[in-house]
Every structure is written in C-alpha cells, then in structure tokens.
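> structure for the following, please:
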Amino acid sequence: MAEDGKKPIIKKIIKKGGHGHHGGAWKIAYADFMTAMMAFFLLMWLLNAVTEKQLQGLADYFAPTTASTSKSGAGGMLGGKVIGEGVLTSNSSSSFTPTLPPPTFNNGQNDQTQPVDEEDLQKAQEAKEQQQFEETAQEIRQAVGGIPELRSLAKNLLIDNTPEGLRIQIVDQDGTAMFPSGSSRMNPNMRKLLGLVATAIKDLPKQVAIAGHTDSTKYADPNGYGNWELSADRALASRRALVEMGFPEKRVQRVGGRADMDPLVAEDLNNPQNRRISIVLLRDSIANAEKERATPKSLGLTR
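Just a heads-up that it's a prediction; the model follows:
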C-alpha cells in the first residue's frame, strides 16, 4: 500500500488510431489497380497493332535457353556465362521457340507483305508515266522558247499524247524544211531540234520508236527509190543523230518508214507538215508487249 493509506493513481493512456476509411492506404491500392488495368489495355492494343510476323520475332527474342555446358575460365555448370545471356542468343541450338496461336486480333490487315492489287498498281504506273510525259513536254517547249535562234522553229515542233506514249514530231513548214527534197541528209535546224529532244529524253527510262513520214508527192528514180525508202532513211538518220548526241542506243526499240501512209494533214496529202519525223516515248505496257511479240518463243522458234 502507498504511504498515508492512499491508493496509487494509475493513468491509462489509450492511443487512438485513425479510422480505416480516413487513412491513405486505400489510395495506394487503388493506384496499383489502375496501373495494372492501364498496362492490360496497353497490352491488348499492342497485340492488335502488330502483325503475326512481329509477334513471332518478339517471341524468338525472349525465348529462354538451357544452361550452357561449354567450358570457360570460370568453369562450372554455367561455363562462365551470365544467367540470362541466352535471351540474346537467337541461333542457339538449345533454344526453343513457342508456337503462337493463329492471329485473332490483327488478321494480317497491317501486314506490309499483303499482295498488291494489280489494277491499282497499273493505275499508279500510268499516272507516273503521264506525269513524266508532261514534264518532258514542258521541258522541250521551254528549251525551244529559251534559245533565241530556235524560237522561230517552235512551230516545227509538235508534242502530244497518244495511246502509244508521248509523241514528239519535227515537221516541215512552208519555207522551213528539215531535210532537203529527196534527201536524208538533215538540215542544221533539224539537228538543233533533235539535240534539244535528245537532252530532254535521254535520262527518261523509256523505250522510243522513230518513224519517218513523207507527203504524197511522187518523183521518178531510175533505181526505184521512192517515198518508202526515203522515209526509212530519214528515220535511220534521226536515230544516228540521237545516239551521237548521247541518247542510249539500246533504248531505240524500233525504227521505220511510213511513206505517206499516215498523213498528219489527211485532207491535204501534199501538205508540208506531212513530211516529218516522229519520236514516240513508248508506254511500258506497249514496249513490253512489242518485246514479247518479238521473242523467238512467240514466233515458235524455241528449241
């Protein structure tokens, strides 16, 4: 007993803790849950965005390997290799590749190796050709207009689009002939215009067809030389001049004479414009079709 017969006073201290719903522990749990959900939906999105081939590559990259038995300075079971080194070894004989299930999210819609539609490819090729032809035509016209001594010859140059391709024609006009009468020796004006054409088309990867044309005027020759021979010789002379000016000889697909069979001015067969040289930049489809017809197989000459 305490002194003086008094009972000791005992103080009981109760530590009060905050109620559960007033604490912050639930916030941490909620944040963890939201992070996990975000990671899950991100994974689902990635699975839908990648292709089967990319999934296979990802699986190959993380394919585990068994412990190596090779010997190194460290010896032992791991042979001196760091655990997990097999992750970066894609050609290890001890690795295995898990088999992926058939794709269910992407179905190959984003696979760049999908076959290209032939019709769309052809349309794109035709559009590209048309753009190249327009740029070439504009370049030739600007070149003629930019040289004072050739401006007067602009009327002798005709450029248009045909089913075969871009047609460039150098024609005679009254008082301006590209060749002397009855001759395949070209005049200086013809050579100057051919030089401009050669510069404009030599870097364009297209085959060309060259044709010579005459009017319907007949002339007597004791050897039988006529408009057919003259038109062919003028076409050949134009081919030689183009090659001399730097045009690749292998891109000349055909050369021929048409005499007066394809007049430019049909209502006047003796019009000077019917005497002309035409150079056609062939469309790829036309050039390829002609090459196929000219192969020995198409002529039944294969062994």
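> residue nearest the centroid of the chain?
residue 125 (8.6 Å; CA atoms, centre = their mean).
> so which residues of this protein form strands?
For the chain, strands defined by DSSP state E occupy the ranges 157-161, 165-171, 208-213, 252-257, 276-282.
> so can I have JSON lines of those strands showing mean pLDDT?
As requested, the strands of the chain are exported to JSON lines (pLDDT from 0 to 100):
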{"stretch": "strand 157-161", "mean pLDDT": "95"}
{"stretch": "strand 165-171", "mean pLDDT": "96"}
{"stretch": "strand 208-213", "mean pLDDT": "97"}
{"stretch": "strand 252-257", "mean pLDDT": "97"}
{"stretch": "strand 276-282", "mean pLDDT": "97"}
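> for residue 220, which of these is the nearest?
strand 252-257 (19.0 Å; CB to CB). Backbone N, C-alpha and C define where each C-beta goes, glycine included.
> sheet-wise, list the partners of the closest one with their directions.
strand 208-213 (parallel) (DSSP bridges).
> how about residue 201, what does it touch?
136, 168, 208, 247, 279, 281 (CB atoms under 8 Å, 6 or more residues apart in numbering).
> now the two most distant members of these.
Farthest pair in these, by CB to CB: 136 and 247, 13.1 Å.
> show me the shaky parts of the stretch 101-250 of the chain.
Applying pLDDT under 70 to the stretch 101-250 of the chain flags the ranges 101-116.
> where do the helices of it begin and end?
118-146, 188-201, 227-244 (DSSP state H, counting those that start in this stretch).
> residue 155 is nearest to which of those?
The nearest among the helices of the stretch 101-250 of the chain, by CB to CB, is helix 118-146 at 9.9 Å.
> tell me what the closest one is packed against?
strand 157-161, strand 165-171, helix 188-201 (3 or more CB pairs under 8 Å, 6 or more residues apart in numbering; DSSP states H and E).
> any chance of the helices of the stretch 101-250 of the chain in JSON lines, with distance to residue 47 too?
Formatted as JSON lines, the helices of the stretch 101-250 of the chain follow (distance: least, CB to CB, whole Å):
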{"stretch": "helix 118-146", "distance to residue 47": "29"}
{"stretch": "helix 188-201", "distance to residue 47": "52"}
{"stretch": "helix 227-244", "distance to residue 47": "59"}
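> pick the most buried one from the helices and strands packed on helix 118-146.
Across the helices and strands packed on helix 118-146, averaging neighbours per residue (mean count of other CB atoms under 10 Å) puts strand 165-171 on top, at a mean of 22.
> direction included, what does it pair against?
Here, using DSSP bridges, strand 165-171 pairs with strand 157-161 (antiparallel), strand 276-282 (antiparallel).
> can you put those strands in a markdown table and add distance to residue 198?
Output for those, formatted as a markdown table (distance: least, CB to CB, whole Å):
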| stretch | distance to residue 198 |
| --- | --- |
| strand 157-161 | 13 |
| strand 276-282 | 9 |
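> out of those strands, flag the one nearest residue 151.
Per CB to CB, nearest to residue 151 of these: strand 157-161, 10.9 Å.
> list every C-alpha atom in that closest one, with coordinates, as PDB.
These are the backbone C-alpha positions of strand 157-161, laid out as PDB (Å, rounded to 0.1, in the frame of the first residue of the first chain):
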ATOM      1  CA  LEU A 157       7.800  21.100-133.100                       C
ATOM      2  CA  LEU A 158       4.500  19.200-132.200                       C
ATOM      3  CA  ILE A 159       4.100  17.300-128.900                       C
ATOM      4  CA  ASP A 160       1.000  15.300-128.000                       C
ATOM      5  CA  ASN A 161      -0.100  12.300-126.000                       C
END
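> can you list contacts of that strand?
Counting by CB under 8 Å, 6+ apart, 130, 133, 137, 140-141, 144, 166-171, 193 sit against strand 157-161.
> let's see 10 Å
130, 133-134, 136-138, 140-141, 143-144, 150, 166-171, 193, 196-197, 264, 273, 276, 278-279, 281, 283 (CB atoms under 10 Å, 6 or more residues apart in numbering).
> for the residue nearest to the centre of the chain, give its distance to residue 213.
Distance of residue 125 to residue 213, given as CB to CB, to the nearest Å: 30 Å.
> also residue 25?
Distance from residue 25 to residue 213, by CB to CB: 96 Å.
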